[in-house]
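Quick one: sequence plus predicted model below, questions after.
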Number of protein chains: 6
Amino acid sequence: MRPSGRKLDEMRAVSIETGFTKHAEGSALIKMGDTHVLCTATIEDRVPPFIKGSGLGWVTAEYGMLPRATNTRMRREAASGKQGGRTVEIQRLIGRSLRAGVDRSALGERQITIDCDVLQADGGTRCASITGGWVALKLAVNKLLKAGDIISDPLVDPVAAVSCGIYAGQPLLDLDYPEDSEAGVDGNFILTGTSRLIEVQMSAEGQTFSRDQMNQLMDLAEKGVSELVAAQKAATA
Amino acid sequence: MRPSGRKLDEMRAVSIETGFTKHAEGSALIKMGDTHVLCTATIEDRVPPFIKGSGLGWVTAEYGMLPRATNTRMRREAASGKQGGRTVEIQRLIGRSLRAGVDRSALGERQITIDCDVLQADGGTRCASITGGWVALKLAVNKLLKAGDIISDPLVDPVAAVSCGIYAGQPLLDLDYPEDSEAGVDGNFILTGTSRLIEVQMSAEGQTFSRDQMNQLMDLAEKGVSELVAAQKAATA
Amino acid sequence: MRPSGRKLDEMRAVSIETGFTKHAEGSALIKMGDTHVLCTATIEDRVPPFIKGSGLGWVTAEYGMLPRATNTRMRREAASGKQGGRTVEIQRLIGRSLRAGVDRSALGERQITIDCDVLQADGGTRCASITGGWVALKLAVNKLLKAGDIISDPLVDPVAAVSCGIYAGQPLLDLDYPEDSEAGVDGNFILTGTSRLIEVQMSAEGQTFSRDQMNQLMDLAEKGVSELVAAQKAATA
Amino acid sequence: MRPSGRKLDEMRAVSIETGFTKHAEGSALIKMGDTHVLCTATIEDRVPPFIKGSGLGWVTAEYGMLPRATNTRMRREAASGKQGGRTVEIQRLIGRSLRAGVDRSALGERQITIDCDVLQADGGTRCASITGGWVALKLAVNKLLKAGDIISDPLVDPVAAVSCGIYAGQPLLDLDYPEDSEAGVDGNFILTGTSRLIEVQMSAEGQTFSRDQMNQLMDLAEKGVSELVAAQKAATA
Amino acid sequence: MRPSGRKLDEMRAVSIETGFTKHAEGSALIKMGDTHVLCTATIEDRVPPFIKGSGLGWVTAEYGMLPRATNTRMRREAASGKQGGRTVEIQRLIGRSLRAGVDRSALGERQITIDCDVLQADGGTRCASITGGWVALKLAVNKLLKAGDIISDPLVDPVAAVSCGIYAGQPLLDLDYPEDSEAGVDGNFILTGTSRLIEVQMSAEGQTFSRDQMNQLMDLAEKGVSELVAAQKAATA
Amino acid sequence: MRPSGRKLDEMRAVSIETGFTKHAEGSALIKMGDTHVLCTATIEDRVPPFIKGSGLGWVTAEYGMLPRATNTRMRREAASGKQGGRTVEIQRLIGRSLRAGVDRSALGERQITIDCDVLQADGGTRCASITGGWVALKLAVNKLLKAGDIISDPLVDPVAAVSCGIYAGQPLLDLDYPEDSEAGVDGNFILTGTSRLIEVQMSAEGQTFSRDQMNQLMDLAEKGVSELVAAQKAATA
């Protein structure tokens, strides 16, 4: 039995509320159980220097956690004067993952920034950020399409992410915080709506795992992502 | 007529949703029209060095704005490596204001940190932070009272805040962003439930005002704060 | 009786020595009793980006305190790697206050930076900075007028500032440090030579005050500022 | 054909020179073709706060690149005032990977810091750092064993790493820089001497990959790591 | 002829005003012509960690320049977020130089910090800081002696400094700014009252000099320092 | 007898290996006994703003030490977020010294950056950096000459540096770390191949020295530099 009482291959309840804030070109509050992330998309008519003049667009992401999103208050990163290593890793992952689903040439020379801010954390915030971030991105792109600013949809295949891990020797889908903090191996799996792989990160802390276990986690991830993609579609229908 | 269509002495719709996040000892999402601020209270059994051993408690605050809380995306302060001058001013004001309503000796040697994070901004975020912050503080203190950690209630008089300003020569209550950005004089008024003054800040940019105008703004503020205190009471009843 | 032995509405001795340093376009050493602030004005033929091309000028300020201006040595802000919240608040106040007395269109597209460096502190350094900063500004503007760089005087109404507070239940004018550190309520009042209000900041720490008390402080402030404006005029005559 | 002219599953020439510097408790200069990394191990009789008193040891890593290790000079991180996101990611990975091969209880309450400084870069610097870092760690641990400071060897299974990627549709082992910069998918594989997995990171930039391709890369990685482990053993024999 | 009209071996007018500020344990405003530096001494009953428990005292220094001490306004170091390389070099030199004249064992385990803040600059500010800093140090030490906190005078030999340089092929004593900025070689000479050498720094920018020239500068420096030591003695008599 | 067993005027063994890394336009690993510094030269077609359009070139330097170059591990400067005062002093000295041997007009409007990274330290790292840095500079300039990018050689007179000091009352040439840490007076002497002086820095910590001693150190330095210049010539022949 998992601490959460869920079956080994059972996801948490997923909800995606679009339009949670009014200023952004796209916004969504994604809830994966008790993990709540507010994702907003901002369109800007500029791109980073390294692609200026290339005709290609850019999608990037920033990630933050409210100080009391967690059980114990964490120091505010703005107050400590820098983003921690974990934050930097996560926001690079979000950006890279979302870009894999985008035809940057169809997007044209503009940048979309996805801000993912964790209002409440209970494990899997980076995966929720990717899944919810895709929804915000989708809403923003729809606005561009509707306005005629772009002609063909640059979002070629939806992107979603889920964590899996090995807990008490068992492979689990969609770890919550109590599970994650006890798992010896955990991984983040970013896939597309057609089950293509974008990013796979499996990591053991102070132990190791086998290729068989790796394949079990991959199987779970494929199941989980297909459910998430369905939820994304429902939210943006 | 105000841009908002409200009467000169009419507040925006106020709503205060308690328990918006689950980890904090107290939490409230306050909405003043389109200004939405998430306030959380964290209790810690330590105090700043300068009051260690004094038997007194401390209440402090931090303030932040999500990058896309505003119409144009602002740079994330954690990414830019420091809190801006405006942020520092605001969080000092929130902490100072809340302390004025607290009997720090009844609180005992513990610290309560109020985090105010603006999810959506439309003017008056510092005032909303104070008003909502008081609610989060109240909920956290109630937890201490219920647990028997403190005996007498340290919250002696509720604290709430409202902005007023002079717009097109007229004194207005509770400025929203379009009003605030055009007002020649604006002020923040922090008062208690018994209309005692805690902090008054009136400021003209590139112009001046008279004592009569100052008194008109004070009158509006008294009206506004009394309505806010009623909303606080309803939310924590 | 006040700790200083002064009457309730009695200012400290004021002296303003112009030309204290030779490089600046304007410089003044202002002494309010034992509070000594060196104010310099620097004219530059550039303006901040947000007003470029507007034809308007800009007046801004920076504030600092020598490490041993105070009774106990404070850490040098340059060594600690940033300006503290108090410094940031003060220099924003100085700039905003001085701008209220300036016709920025008559100044033309140039920036005047007022540096206020506290050589010795005994309370009221921000007010002394504003009052002395106005003198440095005046001297710099006179240089521009004399050189024919501007035609009409952009300084429309002198700006000066004084602190008042409630000490042992009594309203006091021009607090020195021992009075200020014991005052339950203190305020900074920035007014013009014609008694128009520019900025009013009244603040209670851990207590509250009434509108009557607020009005008593305002009365004292009007008296104090009129004496300061006379001293400014004498210094720049 | 690969740009390097190597066969698809052919590693670059590997050399590991131990004792390259004299002060460190262990040091090794590892060369993977033109990628040269100096790895040193420092033993300290202290552990991070979160394991103080636990009886467990700690292994951590830092990573740096000399400014002109690369074809174009990069800004020195010490001069720019912070470690970039890439550096932070890499040094966290090195530390986590090495710890997977360590029995921290046998190590006892001490910390070993592995510094990995890239003298010359040609792709695969993080993998070379892990492989060479293990050698420096081994040498330092041998010193502890010889001195009788620890009794049983805490290094339970050697750790090595190699990168693989998909280039022009072909799976390649041990990418050099020209191959890496053109590869659509690349991965870092950290395994033990007994082919157990520690960390798997596969990442596509702007595209996707299949589970079959993932398995091909895993096969290559197992081959590469077994060769690296042999080289580690030869160097520390 | 020098730009200043002085003879080759002629110092600028020197004045040292003690007690310029009231809070510091020692303070002096030194004027070397138009170079004006405020030096204060702060005594603290603590020493840096590396000499704790040694029974020895410490003398250290910090250096700063007001933004408009110079002809063109310089950015405030507190605002730019760090002390520049020049500032760091200078304050290390001041501390090291002053310590050479101090019997740290007679001083006992306490630290004296000398703050040197340049109010107006016209060349030679680091030398003026050392010469004036010694006076502030002397005044502070006298206070300790008078209070009986120390028994024997730890100031064994006065320390003073002067700059010399080669200008238009001629060796000059005590360069002012116009001379310094045109000198091909310039040096700072820190000596004691008995003409012993503490620190000699000679430096050519884009050219070289001979040992003969070096000796000529040394001769000038000995003359200059003996005059400065006389001024120090007069000021503290 | 010196701790090193060397004669008073005996240098450590010097070796200079050119081409130690492949990417830089010039590179050299200099060994002065156990002090090993990797020096690389980077040519860029840009100059600092203050000489833009002057037709003159620029030579600058950066300096770093690997964390475990020393007997005890030092904190990595990139991790601590800034270069220490010692680092800043040293790299300014290296740049200034090298420029003294360069005809910046013959170099043309380009910048050469010399990176000096200490792989292993045993005293005299700044001097080794200058001597080795000159070799890297020479190699880079030779490349420019060979390519026809410049016509006449801008390197007019070789630059080398050596440290000397007074140890147990005796003047010593080329201090290693054990000698340096016990020397009461130490100096760095930067001279040209024709024994012209570029920079002389002599410094006593907590004591003083005489002009006679200064001259003895100068004599030693002349001997040492002439040997270093011979080694430079051999390495670049």
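It's in. Numbers count the residues shown, from 1 in each chain, chains lettered A, B, ... in the order given.

among the helices and strands of chain A, which has the poorest mean pLDDT?
Within chain A, no helix or strand scores below helix A:77-80, which has a mean of 90 by mean pLDDT, DSSP states H and E.

got the angle for the next helix or strand after that helix vs helix D:85-99?
Reading on from helix A:77-80 to the C-terminus, the next helix or strand found by DSSP states H and E is helix A:85-99. Between helix A:85-99 and helix D:85-99, the angle comes out at 110 degrees (axes from the mean of the first three to the mean of the last three CA atoms, to 10 degrees).

which helices and strands does helix A:85-99 pack with?
strand A:58-65, strand A:111-120, helix A:125-146, strand A:159-167, strand A:185-192, strand A:197-204, helix D:85-99 (3 or more CB pairs under 8 Å, 6 or more residues apart in numbering or on different chains; DSSP states H and E). Glycine gets a C-beta too; all of them are placed from N, C-alpha and C.

In it, which of the residues would be classed as buried?
The neighbour-count check on helix A:85-99 (16 or more other CB atoms under 10 Å in any protein chain shown) flags A:87-99 as buried.

what does stretch A:61-79 give?
So stretch A:61-79, judged by 16+ other CB under 10 Å, has buried residues A:61-70, A:73, A:76-79.

and it, is it in reach of chain F?
No: Stretch A:61-79 lies apart from chain F when judged by CB under 8 Å from any CB of the partner chain; the minimum separation is 14.6 Å.

near chain D, anything from that stretch?
No: residues of stretch A:61-79 are not located near chain D by CB under 8 Å from any CB, the shortest gap being 11.6 Å.

Contacts (any at all) between chain B and that stretch?
Yes: using CB under 8 Å from any CB, stretch A:61-79 reaches chain B at A:62, A:64, A:66-71, A:73, A:76-79.

any idea how far A:Asp180 is from A:Thr35?
For A:Asp180, the distance to A:Thr35 (CB to CB, to the nearest Å) stands at 11 Å.

So which of these two has more stuff around it?
A count of neighbours by other CB atoms under 10 Å in any protein chain shown puts A:Thr35 above the other of A:Asp180 and A:Thr35, at 24 against 17.

How far does the least confident helix or strand of chain A sit from its chain's centre?
Between the centre of helix A:77-80 and the centre of its host chain there is 23 Å, according to CA atoms, centre = their mean, to the nearest Å.

Geometrically speaking, which residue is the centre of chain A?
Chain A has A:Ile130 as the residue nearest its centroid, 1.4 Å off, counting by CA atoms, centre = their mean.

Check whether the longest helix along chain A comes near chain D.
When chain A is parsed with DSSP state H, its longest helix is helix A:211-236. Yes: applying CB under 8 Å from any CB, one finds helix A:211-236 in contact with chain D at A:211, A:214, A:218.

CA-only coordinates of stretch A:51-71 in PDB, if you can.
Taking C-alpha atoms only, stretch A:51-71 is exported to PDB below (Å, rounded to 0.1, in the frame of the first residue of the first chain):
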ATOM      1  CA  ILE A  51      18.200  33.700 -32.500                       C
ATOM      2  CA  LYS A  52      17.600  37.300 -33.500                       C
ATOM      3  CA  GLY A  53      16.900  37.400 -37.200                       C
ATOM      4  CA  SER A  54      16.500  33.700 -37.500                       C
ATOM      5  CA  GLY A  55      12.700  33.800 -38.000                       C
ATOM      6  CA  LEU A  56      12.400  31.400 -35.100                       C
ATOM      7  CA  GLY A  57      10.400  31.900 -31.900                       C
ATOM      8  CA  TRP A  58      11.400  31.000 -28.400                       C
ATOM      9  CA  VAL A  59       9.600  29.500 -25.400                       C
ATOM     10  CA  THR A  60      11.200  29.900 -22.000                       C
ATOM     11  CA  ALA A  61      10.100  29.300 -18.400                       C
ATOM     12  CA  GLU A  62      10.600  30.600 -14.900                       C
ATOM     13  CA  TYR A  63       9.700  28.800 -11.700                       C
ATOM     14  CA  GLY A  64       9.200  29.900  -8.200                       C
ATOM     15  CA  MET A  65       7.600  28.700  -5.000                       C
ATOM     16  CA  LEU A  66       5.800  30.900  -2.500                       C
ATOM     17  CA  PRO A  67       7.700  30.800   0.800                       C
ATOM     18  CA  ARG A  68       4.900  28.900   2.600                       C
ATOM     19  CA  ALA A  69       3.900  26.600  -0.200                       C
ATOM     20  CA  THR A  70       5.600  24.000   1.800                       C
ATOM     21  CA  ASN A  71       5.100  22.500   5.200                       C
END
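
Please name the residues that touch A:Ser129.
A:30, A:37, A:39, A:61, A:63, A:90, A:94, A:116, A:118 (CB atoms under 8 Å, 6 or more residues apart in numbering or on different chains).

Out of the residues you listed, which is nearest to A:Val225?
Nearest to A:Val225 among the contacts of A:Ser129: A:Ile30, at 14.2 Å, using CB to CB.

Relative to A:His36, how far out is that closest one?
Distance from A:Ile30 to A:His36, counting by CB to CB: 7 Å.

out of these two, which sits in the more crowded spot?
Legend: neighbour count by other CB under 10 Å for A:Ile30 and A:His36, higher for A:Ile30 (30 against 25).

beta partners for that one?
Beta-bridge partners for A:Ile30, by DSSP bridges, are A:Ile16, A:Val37.

and the angle for the longest helix of chain A with strand A:197-204?
Angular relation of helix A:211-236 and strand A:197-204 on a 0 to 180 degree scale: 130 degrees, by the same axes, to 10 degrees.

Alpha carbons of the least confident helix or strand of chain A, as CSV, please.
Extracted in CSV, the C-alpha atoms of helix A:77-80 (Å, rounded to 0.1, in the frame of the first residue of the first chain):
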residue,chain,number,x,y,z
GLU,A,77,14.6,33.6,-3.1
ALA,A,78,14.2,37.3,-3.9
ALA,A,79,15.3,38.0,-0.3
SER,A,80,18.2,35.6,-0.3
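
picking that back up, which of the residues of stretch A:61-79 next to chain B sit farthest apart?
A:Glu62 and A:Asn71 (23.6 Å).

Any idea how many residues pack against whatever residue of chain A ends up closest to chain F?
Proximity of chain A to chain F (CB to the nearest CB) peaks at A:Lys82, 8.1 Å away. For A:Lys82, the tally of surrounding residues (other CB under 10 Å) stands at 18.

For A:Ile114, see how far away it is.
21 Å.

Might one say that A:Gly132 is in contact with A:Thr35?
No: with contact defined as CB atoms under 8 Å, A:Gly132 does not reach A:Thr35; the gap is 9.9 Å.

Thanks again, I'm all set now.
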